[in-house]
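A.B. asks: From the sequence below, what's the structure:
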Amino acid sequence: MWKLFISLLKFGLVGLLGMGIDFGITWLLKEKLNTNKFFANACGFYCAVVSNYCLNRIWTFSNNNPQIAKQFLQYALFSIIGLGINTLIIYLCSTKWKINFYLAKVFAIGIVFLWNFSINHLITFGHG
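C.D. replies: Residues are numbered from 1 along each chain as shown. As a prediction, this is how the structure comes out:
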């Protein structure tokens, strides 16, 4: 149980870094380059996925699977599902319920964090 807690903690720290990358890219594209907020969100999310995969593989899960491309594609697929959940939550919160876009994004990140840790712990990095 302790090892699971440490993995969750590391995953969370990696996620915080990813959130900084996500928010930074999203903000740059949305606020400075005036792109669509959902496009900006997807780009920010994708950049965070790439950095998070690398850090989680090496640090969080100490995974040595030699099939890196296959593993990354699996990680990316689960992240795309997470992006769908993320975008749906942001859409509902910001458009339907008139919650601030960035507050909705924080809420969405929290929900997707639980999805991502569970699925990647159990399947991608094989600790299930």
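
A.B. asks: my guess is residue 51 contacts residue 21, does it?
C.D. replies: Yes: in this structure, residue 51 is within contact of residue 21 by C-beta atoms under 8 Å, at 5.7 Å. For every residue, glycine as well, the C-beta is placed using N, CA and C.

A.B. asks: Looking at these two, which one has more neighbours?
C.D. replies: Just comparing residue 51 and residue 21: by other C-beta atoms under 10 Å the higher neighbour count belongs to residue 21, 19 against 15.

A.B. asks: Disregarding residues adjacent in the polypeptide, which is nearest to that one?
C.D. replies: Excluding the flanking residues, the one nearest residue 21 by C-beta to C-beta, 6 or more residues apart in numbering is residue 48, at 4.7 Å.

A.B. asks: Checking the one you found next. Helix, strand or coil?
C.D. replies: Look at residue 48: counting by DSSP: H, G, I helix; E, B strand; the rest coil, its state is helix.

A.B. asks: List the buried residues of the strand or helix carrying residue 8.
C.D. replies: Secondary structure from DSSP states H and E places residue 8 in helix 2-27. Neighbour-count burial for helix 2-27 flags 7-8, 10-11, 14-15, 18-19, 21-23, 25-26 (criterion: 16 or more other C-beta atoms under 10 Å).

A.B. asks: quick one on the thing from earlier: can you give me the distance of the residue nearest to residue 21 to residue 82?
C.D. replies: The spacing between residue 48 and residue 82, counted by C-beta to C-beta, to the nearest Å, is 10 Å.

A.B. asks: for residue 59, same thing?
C.D. replies: Distance of residue 59 to residue 82, computed by C-beta to C-beta: 20 Å.

A.B. asks: between these two, which one's more packed in?
C.D. replies: Using other C-beta under 10 Å as the criterion, residue 59 and residue 82 rank with residue 82 on top: 22 against 13.

A.B. asks: for that one, what are its contacts?
C.D. replies: Applying C-beta atoms under 8 Å, 6 or more residues apart in numbering, we find residue 82 in contact with 112, 115-116.

A.B. asks: So residue 87 sits against residue 38, correct?
C.D. replies: Yes: between residue 87 and residue 38 there is a contact at 6.3 Å, judged by C-beta under 8 Å.
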